[in-house]
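Student: just need the structure, nothing else, for what follows:
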Amino acid sequence: MEIVPIDYFGVHVEVPFPAPLGFAQAHLEAFGAALCDAAKGIGLRPDQVRLKRWDDLFGYELNAQFFGENGTLTRTADRIKLGVRSARTAADWNIIRDTLLRFYRLLDFDPKSVTTLSAHAHGGFPSIEERDAYLQRFSYSPMISRPAALGYVQILDWEKDIRVLIEQSNVLPIGVFITCDTQFVNAQDWETFLPTLPTLMDNSANLFDLGFEPLRERV
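Tutor: Numbering: from 1, shown residues only. A predicted model of the protein is given here:
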């Protein structure tokens, strides 16, 4: 088992609505105000929320950027997306977890609806040689110049398959990029469910003989 530190990580969630919501039905003015609520929303500033509208029915897009543009939220007629990238420490994860918790409480999705989750990380090896030796385990031909691992895995207490990709990082010269894509229904106890997401990613990578060090307290 190779154990690497996590240098950068991020989370992206996407939830399609059961049916498209027209502009009037979406109540975007109230939704934007709720996003700016420091107690119940995400605590955004009004200048971080923007709305584009080009049709009176479904032609609209609400966008928000936060966390120094590393956080994004996009709402359209048929879906809503929330993503945070470039996090680095345990404190960053606590902020992401709290943001996700506020997001799910605010939206109050139909419990039959489904979230598509994508979690990713860049982890550095001690050297290029050790990184390349690890990835070489997944090569089946000398003609493959940059081997990678790809597979669908199942882990305990998770109903859906998890798609795992491990390849050479384009951010860290001696690192790998790991992404885990899966789904879950929006009928969770969010306070207990969301803190398990790092464990989900670690358990998925373990099946490829890769593990993560605990998140750093500071950089």
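
Student: wait, doesn't Leu106 sit right on Gly41?
Tutor: Yes: the pair Leu106 and Gly41 qualifies as a contact (Cβ atoms under 8 Å) at a distance of 5.9 Å. In this view, the C-beta of every residue, glycine as well, is placed from N, C-alpha and C.

Student: let me see the ranges of the helices in the protein.
Tutor: With helices called from DSSP state H, the chain shows them at 23-26, 28-35, 90-107, 128-136, 190-193, 197-206.

Student: compute the inter-axis angle for the third one and helix 28-35.
Tutor: Note on geometry: by axes from the mean of the first three to the mean of the last three Cα atoms, to 10 degrees, helix 90-107 and helix 28-35 are set 140 degrees apart in direction.

Student: ok, Tyr134 touching Ile178?
Tutor: No: with contacts defined as Cβ under 8 Å, Tyr134 does not count as touching Ile178, sitting 11.6 Å away.

Student: buried deepest among the helices of the chain, which one?
Tutor: Mean neighbours per residue, mean count of other Cβ atoms under 10 Å, is largest over those for helix 197-206, with a mean of 19.

Student: what's that one packed up against?
Tutor: Counting contacts by 3 or more Cβ pairs under 8 Å, 6 or more residues apart in numbering; DSSP states H and E, helix 197-206 packs against strand 114-124, strand 162-168, strand 175-185, strand 210-212.

Student: closest one to Arg102 among the ones you listed?
Tutor: Set against Arg102 and scored by Cβ to Cβ, those come closest in strand 114-124, at 15.0 Å.

Student: endpoints of stretch 13-31, how far apart?
Tutor: Across its full length, stretch 13-31 reaches 18 Å between end residues, using Cα to Cα, to the nearest Å.

Student: taking the mean pLDDT, what do you get for it?
Tutor: Mean pLDDT, taken over the full extent of stretch 13-31, equals 96.

Student: stretch 106-115 too?
Tutor: Per-residue confidence for stretch 106-115 averages out to 95 on the pLDDT scale.

Student: the nearest residue to Ala205 once chain neighbours are set aside bridge partners, please.
Tutor: In space, Ala205 comes closest to Ile178 once its chain neighbours are excluded; the distance is 5.7 Å by Cβ to Cβ, 6 or more residues apart in numbering. With DSSP bridges as the criterion, the beta-bridge partners of Ile178 are Ala121, Ile166.

Student: please report how far Ile178 lies from Asp202.
Tutor: Relative to Asp202, Ile178 is positioned 10 Å away (criterion: Cβ to Cβ, to the nearest Å).
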